[in-house]
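for reference, the sequence and a predicted model appear below.
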Amino acid sequence: MHQTVISSSAEISKCSECGKEFNNSLSLRRHKKYVHFENAKLRKCDFCGKMFSRPGLLKHHYLIHTGEKPYECEFCQKRFNHKSTLVKHVKIHETGIISPVEIHKCSECGKEYRSSSALGKHKKSHFGNDKVHKCDLCGKMFSQSSDLKQHYMIHSGEKPFQCEICEKWFNRKSALVKHRKIHGNGIPSSVQVRKCSECGKEFKSHAGLWKHEKTHIGNAKDYKCDVCNKTFAESSGLKQHYLIHTGEKPFQCESCGKRFNKKSSLVVHTKIHVKGLSSPVGVRKCSECGEEFKTSSGLWKHKRTHMKSQSS
């Protein structure tokens, strides 16, 4: 007859780095891997130099530097860069630490909001209704033509404002100004000039240097643009680049007729139709003069003539 002997006391495993004790070797191995990064493939943050053992953790950490806040409270519209911070915040509503959420109703159209700030932003769309500018893609209203023009960048995917330090692009100047603070405050101590070992060209980010270094791969077969002298490792890259100089836009949206010089730009743009942001394909009528157009882009170009006349 066999007997199973159970030890009266579990074996204690002690971490040689910090002295913390664990009741099994598996817990100790996990501790060493994620706390002391033992045998882990480290990922380094280009901004502050902090190390991470998993790519997901690094990606999550980058939100601190970029200023992005993808998590929004459904009660008060406050935004957070960590989901855990949002969960903690929501409790102040659920436990009644903050008084029950009051519904704020627009006296003009009856639309309801959960915060006075959201209602205030909405009410601006009613100011001077004779000059309200409406987005043809999502229906959002603006009191100034400049605001509508800025808003269109969300749909088009345009990002004309670039950070000169890390080369990240933004669709709003205010977003760029906010982003620059992470560099101005001295957070990215590791931000320095990166020099290409092949040609000596300098860059302010790892990403910029990495993209450039790819042009040196297979130098015997480099393809050079005879317009601006930019070089490419592949002929397809040069062919795509030439479209910038020629102004050609071979990729057309079958929903609204808008054209693009990159297939990737068309793919990004198409999402506004897939998500239902764009109105159905058909005749678009100008609310100012009644002239009709077959595409939103055609109507938008026409509307700018009214914007110019109103501003003058």
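Received the coordinates, thanks.

Ile244: neighbour count?
Counted with other C-beta atoms under 10 Å, residues neighbouring Ile244 total 14. C-betas here are computed from N, CA, C, even on glycine.

which other residues reach stretch 109-128?
The contact list for stretch 109-128 (C-beta atoms under 8 Å, 6 or more residues apart in numbering) reads 74-77, 101-106, 108, 132, 140-143.

out of those residues, who's nearest Val227?
Top of the list for closeness to Val227, among the contacts of stretch 109-128 and by C-beta to C-beta, is Phe142 at 38.3 Å.

who does the closest one bridge with?
For Phe142, the beta-bridge partners are His133 (DSSP bridges).

read off the pLDDT value for it.
On the pLDDT scale, Phe142 is placed at 75.

show me the domain layout of the chain.
Per the TED database, the structural domains of the chain span 15-66, 199-275, 282-306.

how about the ones you listed in a markdown table, adding mean pLDDT and distance to Pro160?
Output for the domains of the chain, formatted as a markdown table (pLDDT from 0 to 100; distance: least, C-beta to C-beta, whole Å):
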| stretch | mean pLDDT | distance to Pro160 |
| --- | --- | --- |
| domain 15-66 | 75 | 18 |
| domain 199-275 | 74 | 14 |
| domain 282-306 | 71 | 17 |
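
and of those domains, who's closest to Lys168?
domain 15-66 (7.2 Å).

what is the end-to-end distance of that closest one?
Taking C-alpha to C-alpha, to the nearest Å, the first and last residues of domain 15-66 lie 36 Å apart.

same check on stretch 89-107?
For stretch 89-107, the first-to-last residue distance is 30 Å (C-alpha to C-alpha).

of the domains of the chain, which is nearest Phe170?
Nearest of the domains of the chain to Phe170, taken as C-beta to C-beta: domain 15-66 at 9.7 Å.

closest to the centroid, which residue in this protein?
Geometric centre of the chain, nearest residue: Glu68, 7.2 Å, by C-alpha atoms, centre = their mean.

show me what contacts that residue?
Applying C-beta under 8 Å, 6+ apart to Glu68 gives the contacts Asn81.

and Lys249, that one's in a helix?
No. Counting by DSSP: H, G, I helix; E, B strand; the rest coil, Lys249 is not part of a helix but coil.

I am finished for the moment; much appreciated.
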